[in-house]
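Student: quick one, fold the following:
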Amino acid sequence: MGELDGIDPALHDAYAICRDLNAEHGKTYFLATRLLPADKRAAVHALYGFARMVDDIVDVDVDSADVELPELPEDAQFTANDSDSTIDREASAKVDVLEHHVRAALNGGALGRSKSDRVLGALVDTTERYAIPHEYFYAFFHSMRMDIPGTPMFRSRYRTMDQLTEYMYGSAAVIGLEMLPILGTAVDRRVAEVPAAALGEAFQLTNFIRDMGEDLDRDRIYLPTDELAAFGVDEGLLHHCRETGRTDARLERALAHLIAHTRAVYRTAEPGIDMLDPAVRPGMRTALTLYGDILREVEDGGYRVLHQRARVGGLRRLSVAAPGLASAGWTSARGKLRRPSPARA
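Tutor: Predicted coordinates for the structure are as follows:
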C-alpha cells in the first residue's frame, strides 16, 4: 500500500509538500516516520507540515514565501501587542490571521491554491479522516503567542517547570495527542493520552537542553530559572559561558539535573509505545531512542550546549533505525498474510 492510497488525488500534491517539509527540516522525525506503515505516513507528514508552515509564516517575511494570508473580517479582534518592534507586531497579527483561517478551514471554509493553503488542505483532510479534536490546534496557536514579544501571553523566561508545562502543552504535548488517532491504539485511547502527551514534552525538553545556546542568543531561556538557580546558575553566568566558550561546574550540575528530569518524562512516555497499534511501535520506539540519544550526546560532550549543538551521528541513527525498519516490514508482512485476498473474501 502506498502513502497516498485512499486519499483524494486532488490532495496528493498537498501531502507531497508536507512530506518535503518533513524531509528537509525534521531529520530524526522523518526517519522515524519512514518506519511507520505506509498508510500512516501522509497524515503524520500533514501534522508536521502544518506546524512547520506556521513557524515559517511567522518567522519569515510573508512576501518571500508562497503564502496568501486572507483578510480578517471587520469585526475580528486582534491580539493586543504593545511591542516597539514592527516585526513582533506583524508576527502577532499573522498568528491571528492564521488561526482565524485555520478555524474557518476546519469548519468547511474554502481554501486557495497557495502553498500554505495546500498544506492546510492536507491538515483538514487528516483531521476529518482521523477525527482529531480541533482544540489541539488552537492550543498550538496559544503557545505560538507565548513566543511573540508584546502579546499578553509572551514569556521569554519560565520560572518554574509548571509554567513551562503550559507552554509545552500547546507546542509539544498536543502533537502527541494529535498523533494518537493516526497511529491507532491497542487500548482505550484515553489511557494512551498521558504517555502520548509525555512523549511530546520529553522531545521538547530535549530540544530546550540541546538548543540552550541558540535560544539564549534570541533572549530566550526555556529551562526553568528556579531549577537553574538551585545550582547557582543565573543569566550572567549563562552569558559569560556563551561569550567566552567556557563551561562551568554549576551549569554542568544544573544540566545533569534537567537531563535526569527529562529522562523521567521519557519513562512516563515509554509504556505508551506498547499501547499503540503493533505496526507503529517500531517507528515510535526509534524516535524515542534517537531523541533520548541527544541527551547522551550532551553528557558525552561535557554539557557544552552553550557552545556546540549535540547531534546524533548518521551511523547511530541508521543502527537504531535498521532493526525498527526490519520489524516494521515484518509486522506489515504478517498483516498482509493474515488479510484474505479480495478474491477469497
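Student: all helices for the stretch 1-150 of the chain, in order.
Tutor: Using DSSP state H, counting those that start in this stretch, the helices of the stretch 1-150 of the chain run over residues 12-25, 27-34, 38-59, 86-106, 115-130, 135-146.
Student: okay, the ones you listed in TSV with mean pLDDT and distance to residue 263 next?
Tutor: No exception for glycine: its C-beta is placed from N, CA and C like everyone else's. Below are the helices of the stretch 1-150 of the chain laid out as TSV (pLDDT from 0 to 100; distance: least, CB to CB, whole Å):
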stretch	mean pLDDT	distance to residue 263
helix 12-25	93	26
helix 27-34	78	17
helix 38-59	88	25
helix 86-106	91	33
helix 115-130	95	31
helix 135-146	96	24
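Student: for those, which one sits closest to residue 259?
Tutor: helix 27-34 (17.8 Å; CB to CB).
Student: flag every buried residue along that closest one.
Tutor: Buried positions in helix 27-34, judged by neighbour count with 16 or more other CB atoms under 10 Å: 28, 29, 30, 31, 32, 33, 34.
Student: could you say what helices and strands it packs with?
Tutor: helix 12-25, helix 38-59, helix 281-300, helix 314-338 (3 or more CB pairs under 8 Å, 6 or more residues apart in numbering; DSSP states H and E).
Student: redo the ones you listed as TSV? Include distance to residue 220.
Tutor: Output for the helices and strands packed on helix 27-34, formatted as TSV (distance: least, CB to CB, whole Å):
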stretch	distance to residue 220
helix 12-25	19
helix 38-59	13
helix 281-300	18
helix 314-338	27
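Student: TSV please, covering those and showing mean neighbour count.
Tutor: Below are the helices and strands packed on helix 27-34 laid out as TSV (neighbours: other CB atoms under 10 Å):
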stretch	mean neighbour count
helix 12-25	19
helix 38-59	22
helix 281-300	20
helix 314-338	14
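Student: so for residue 209, which of these sits nearest?
Tutor: Between the helices and strands packed on helix 27-34, helix 281-300 lies closest to residue 209; by CB to CB that is 6.0 Å.
Student: any idea of the mean pLDDT in that closest one?
Tutor: Across helix 281-300, pLDDT averages out at 92.
Student: and that helix with helix 27-34, angle?
Tutor: With axes from the mean of the first three to the mean of the last three CA atoms, to 10 degrees as the basis, helix 281-300 and helix 27-34 are set at 160 degrees to each other.
Student: related to what we said a few turns ago, relative to residue 302, which of the helices of the stretch 1-150 of the chain is closest?
Tutor: Of all the helices of the stretch 1-150 of the chain, the one in closest proximity to residue 302, counting by CB to CB, is helix 27-34 (22.4 Å).
Student: outside of that closest one itself, list whatever touches it.
Tutor: Contact partners of helix 27-34, identified using CB atoms under 8 Å, 6 or more residues apart in numbering, comprise 22-23, 41, 44-45, 48, 283-284, 286-287, 290-291, 312, 317, 321, 325.
Student: hmm, try it at 7 Å
Tutor: 22-23, 41, 44-45, 48, 283, 286-287, 290-291, 317, 321 (CB atoms under 7 Å, 6 or more residues apart in numbering).
Student: for stretch 152-164, same thing?
Tutor: 80, 142, 145-146, 148, 167, 219-222, 224-227.
Student: okay, how far is it across it, tip to tip?
Tutor: 16 Å (CA to CA, to the nearest Å).
Student: what is the neighbour count of the residue nearest to residue 71 when sequence neighbours are not counted?
Tutor: The shortest distance from residue 71 to any non-neighbouring residue, by CB to CB, 6 or more residues apart in numbering, is to residue 97 (8.0 Å). Neighbourhood size, residue 97 [other CB atoms under 10 Å]: 18.
Student: against residue 76, how distant is residue 97?
Tutor: Distance, residue 97 to residue 76, by CB to CB, to the nearest Å: 9 Å.
Student: ok, back up a step: let me know the closest of the contacts of helix 27-34 to residue 204.
Tutor: Proximity of those to residue 204 (CB to CB) peaks at residue 291, which lies at 9.8 Å.
Student: for the closest one, give me its contacts.
Tutor: By CB under 7 Å, 6+ apart, the contact list for residue 291 reads 28, 203, 206.
Student: recalculate using a threshold of 8 Å.
Tutor: Residue 291 sits next to 28, 202, 203, 206 when contact means CB under 8 Å, 6+ apart.
Student: pull the most distant pair out of those.
Tutor: 28 and 202 (13.2 Å).
Student: contact partners for the residue lying closest to residue 165 once chain neighbours are set aside?
Tutor: Spatial nearest neighbour of residue 165, chain neighbours left out: residue 201 (7.4 Å); criterion: CB to CB, 6+ apart. Residue 201 makes contact with 165, 168, 172, 173, 176, 265, 269, according to CB under 8 Å, 6+ apart.
Student: in ChimeraX, how would I select just the buried ones from those residues?
Tutor: Of the contacts of residue 201, the buried ones can be selected in ChimeraX as follows, counting by 16+ other CB under 10 Å:
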select :168,172,173,176,265,269
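Student: any idea how far residue 126 is from residue 3?
Tutor: In this view, residue 3 and residue 126 are 12 Å apart by CB to CB.
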